[in-house]
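# Quick one, structure for this:
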Amino acid sequence: MANTLGVYDPIFYAQEALIWLQNALGMATRVHRGHDKEPQQKGSVISISRPSTFTVQDAPSTAQDLNTGSVNITLDKWKEVKFKLTDKELSFTTEKIIEDHIMPAAYALADDIDAKLCALYKDIPWYQSASSPAAVADLTALQRIMFTNKVPNRNRSLMLSGVLREEFLNISAFSQWQGAGTDGVNTQKEGDLGMKYGFDTFANQNAQTHTQGVAADATGALNGAVLKGGTTIAFDGVTAGGTFKAGDTFVLAGNTQRYSFTADVTADGGGAVASASITPALVQDYADNVVMTINLVGGVQSLAFHKNAFALAMAPLSEMGNQLGARIATITDPITSLSLRSRIYYVGNSSEVHVALDCLYGVKTLDPNLACRLVD
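This is a model prediction of the structure:
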């Protein structure tokens, strides 16, 4: 016989948790989002639409295929927060349970999603080293890089580490009336930089720290010709035993396009790497022995990005088992594409009511050229 859990409503808990999840998200509110309407399980691969791109041609021209298509994202992150309600807590009002348990649980899930998005910095080959302390010139440098890469002006965000936010807050041009007018006054009141040089700024405790590889000689050459569209290369001429980490970046002579390693590699005793995975795909053919200049720069990775640089995809989880000793509800917001499941069940051995909130999601870099790191 199924347990009766009375007034504990999984739908209501899921709805409340979804609200708090949305409120707590940082990067996730600023990236491209997609979802699948059908229940999925961990490891499922779903397709979400991606923004279109077009090429201008001489008229009259042939109609172009829509380049939007779709992008496959693996839902490889199934995250859960589970807690139990004691006899004392069972006597609390619904509001008390939400404030003490549902809200913190949703924040924990939001924190995990945000951390996974921040970790995508490794796919971004473009970077700017921050001044010490940070200066207005750091923002204009980001503007220059993104302008050169033809990043659209709208929907740009700048995620700042705690240190960089502190240093930017100390700049009088941002926080005093003489430099920023009423915005500067609000910055002093709220501690919020707001819009600066076209970037919607926000601070994030999840800004990642990059530990770079080690190689005394990080300038080598391609070992073999490669074709446009390729995502692996071989190179030599670097320090024997030199290490190169996912997130280290390089440029190949003959084109200004930067690339990132997507996996760690180590040079052999002759200073050669037989195969290295890279992003983005090669933008042109490169001949054998083209010079490769690798930049080994570590530090905390703040991130300027356009909305279409990254994607967050979610899917509802199954409600199988509903009423079979548990009450289950999955809520999906059609506007934000966020999806969350709430499960409530009774544990007879311990005479406790357990509540679990979980979500299934995946993250992916859509276009590495639509973002730039600010490293401090």
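
# use CA for all of it now, contacts and neighbours both
Fine.

# What residues are bridge-paired with Lys196?
For Lys196, the beta-bridge partners under DSSP bridges are Phe199.

# Name the SS class of the residue positioned nearest the centre of the chain, please.
Taking Cα atoms, centre = their mean, the centroid of the chain lies closest to Leu117, which sits 1.9 Å from it. Three-state assignment for Leu117 (DSSP: H, G, I helix; E, B strand; the rest coil): helix.

# same thing with the one 4 residues further on?
Secondary structure state of Tyr121, per three-state DSSP, is helix.

# Pull up the gap between it and Tyr127, please.
Distance of Tyr121 to Tyr127, given as Cα to Cα, to the nearest Å: 10 Å.

# which of those two has more neighbours?
Tyr121 (28 against 22; other Cα atoms under 10 Å).

# Show the contacting residues for that one.
208, 247, 301, 303, 373 (Cα atoms under 8 Å, 6 or more residues apart in numbering).

# ok, now which ones touch the fourth one?
Contacts for Leu303 were tallied using Cα under 8 Å, 6+ apart; they are 121, 158-160, 371-374.

# Overlap of the contact sets of Tyr121 and Tyr127?
By Cα under 8 Å, 6+ apart, Tyr121 and Tyr127 have these common neighbours: Arg373.

# Now Tyr345. Nearest residue, chain neighbours left out?
Ala326 (4.3 Å; Cα to Cα, 6 or more residues apart in numbering).

# from what I can see that neighbour touches Val347, true?
No: with contact defined as Cα atoms under 8 Å, Ala326 and Val347 do not form a contacting pair (9.9 Å).

# Which one's more surrounded, these two?
A direct count of neighbours by other Cα under 10 Å for Ala326 and Val347 places Ala326 higher, at 22 against 14.

# Check which element follows whichever strand or helix holds Ala276 along the chain.
Assessed by DSSP states H and E, Ala276 sits inside strand 273-279. Next helix or strand after strand 273-279 toward the C-terminus (DSSP H and E): strand 291-295.

# Contacts for that next one, please.
Residues from elsewhere that reach strand 291-295 (Cα under 8 Å, 6+ apart): 218-222, 235, 248-253.

# Convert that strand to CSV, retaining C-alpha atoms only.
These are the backbone C-alpha positions of strand 291-295, laid out as CSV (Å, rounded to 0.1, in the frame of the first residue of the first chain):
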residue,chain,number,x,y,z
VAL,A,291,54.8,27.9,-36.6
MET,A,292,52.7,27.3,-33.5
THR,A,293,52.9,29.8,-30.6
ILE,A,294,51.4,28.4,-27.4
ASN,A,295,50.5,30.8,-24.5
